[in-house]
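A.B. asks: Structure of the sequence below:
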Amino acid sequence: MLGDAYLDTRVSLFAQGLWSDDELTALVHRSPAEVSQALNARGLTELAAGYSIHSSLEARIIARLLQESRILVRPLQGEERQFLLYWIRRFEVSNVKTLIRARLSGECQAELAPKLIDMGPFARLDLTALTQTEDVRSLMRALEAGPYAEIVRHARRAFEDSQDPFILDATLDRAYLEGLVRHARAVEGGPGAALHDLMSRLIDRINLVWLLRYRFNYDLPPPRVYYLLVGAHYQLGADLLRRLVTLPDLAAVLAALPTVYARLLAGADDVFAVTCRLENAAAVHARRVLRSDAPPLARAFAYLLLRERGLRGLRAVLRGHHLGLPEDLIGRALGHLH
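C.D. replies: Numbering: from 1, shown residues only. Purely as a prediction, here's the structure:
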């Protein structure tokens, strides 16, 4: 199909601009001027400006991701298009979270506006109307009448029960990701195992890191932890997750994992180490998919995962240099790349 050929070509061209882990690590040891020069040479002029312009690095990173996503979505149709669009809309879900937090804290409209992400042609929310709502209840009513009604409804109910802003945020994240799983399931039969494996590594990683963090860092009770995890059909399924949340410590959880994860995480002694190993393994797999003859949608998704990872690595380097941090601390910020 012509659309598949176009998407494959676009992905291959974009992939040439990805940063390898070694390239990112090398930037840690270069001067800010040299880093800026390297970014300009790779066409990332908006990041090369560093902190010398008003808009945040985060906003510029998201703008670049949205720009490239718009090109990759263009040839897609049907459920494949809806899957990639839904992945992109997680940035707009971040706007939902920002709006709710602002209303809970009484933040004024002038303070709120710079924190919202400009979604450009992907926008589905009327941010002007939402920022003018009087309180959190009127905001929730407006959101529940909009495109993210189901996500917001679950979160509102959880917040009403707990009155805990953390639970509100966590429930929004979970509801969004369960929607992503549903969209992925509708197309996994087309792009086949490649997309399924990418999604499995993404959702399993999120569930395991959340489980460990909620249980052993935040000391939440097992039923609450299980409620906040993403329901999915990948290797860490519902029955296993229900058992894992009851285990007494990190070592016991890791020992009870399926063999592929138990081997990968053997000897990890904290949540950070677990996160780094899982993210690194997922990146290795995404590169493998990107270099393969996998269906175009799977290659496009692999590219977007790697692109965001690389751009956030660049942000860590730029921020570290801006703050004058020692190189070893900047390197630690890149820990998931080692």
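A.B. asks: How about stretch 59-68, which residues are buried there?
C.D. replies: Buried positions in stretch 59-68, judged by neighbour count with 16 or more other Cβ atoms under 10 Å: Ala59, Arg60, Ile61, Ile62, Ala63, Arg64, Leu65, Leu66, Glu68. The way it works is simple: take the backbone N, C-alpha and C, and place the C-beta from them, glycine included.
A.B. asks: which residues of the stretch 151-300 of the chain fall in helices?
C.D. replies: Assigned by DSSP state H, counting those that start in this stretch, the helices in the stretch 151-300 of the chain fall at 165-187, 193-212, 222-228, 238-244, 250-255, 259-264, 271-291, 296-323.
A.B. asks: Show me what the second one is packed against.
C.D. replies: Applying 3 or more Cβ pairs under 8 Å, 6 or more residues apart in numbering; DSSP states H and E, we find helix 193-212 packed against helix 165-187, helix 222-228, helix 238-244, helix 250-255, helix 271-291, helix 296-323.
A.B. asks: quick one, what contacts Thr131?
C.D. replies: Taking Cβ atoms under 8 Å, 6 or more residues apart in numbering as the criterion, Thr131 is in contact with Leu99, Ala102, Gln109, Leu112, Ala113, Leu116.
A.B. asks: ok, 7 Å please
C.D. replies: With contacts defined as Cβ atoms under 7 Å, 6 or more residues apart in numbering, Thr131 is in contact with Gln109, Leu112, Ala113.
A.B. asks: Then Met140?
C.D. replies: Neighbour list for Met140: Val152, Arg156 [criterion: Cβ under 7 Å, 6+ apart].
A.B. asks: before we move on, the earlier item: from the contacts of Thr131, which would you call buried?
C.D. replies: With neighbours counted using 16+ other Cβ under 10 Å, the contacts of Thr131 contain these buried positions: Leu112.
A.B. asks: Could you check the helices and strands packed on helix 193-212 and tell me which one is nearest Val35?
C.D. replies: helix 296-323 (6.3 Å; Cβ to Cβ).
A.B. asks: In terms of secondary structure, what does that closest one contact?
C.D. replies: Taking 3 or more Cβ pairs under 7 Å, 6 or more residues apart in numbering; DSSP states H and E as contact, the helices and strands that helix 296-323 lies on are helix 2-15, helix 21-28, helix 32-41, helix 57-73, helix 193-212, helix 271-291, helix 327-333.
A.B. asks: go with 6 Å
C.D. replies: The helices and strands touching helix 296-323, judged by 3 or more Cβ pairs under 6 Å, 6 or more residues apart in numbering; DSSP states H and E, are helix 2-15, helix 21-28, helix 57-73, helix 193-212, helix 271-291.
A.B. asks: Can you lay out these as TSV showing distance to Ala41?
C.D. replies: Putting those into TSV (distance: least, Cβ to Cβ, whole Å) gives the following:
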stretch	distance to Ala41
helix 2-15	17
helix 21-28	11
helix 57-73	16
helix 193-212	30
helix 271-291	22
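A.B. asks: Out of those, which gets nearest to Ala142?
C.D. replies: Once Cβ to Cβ is applied to the helices and strands packed on helix 296-323, the stretch that comes out nearest is helix 57-73, at 23.4 Å.
A.B. asks: angle of the next helix or strand along the chain from that closest one against helix 2-15?
C.D. replies: Sequence-wise, the next helix or strand beyond helix 57-73 is helix 78-88, with elements assigned using DSSP states H and E. Helix 78-88 and helix 2-15 meet at an angle of 30 degrees, taking axes from the mean of the first three to the mean of the last three Cα atoms, to 10 degrees as the criterion.
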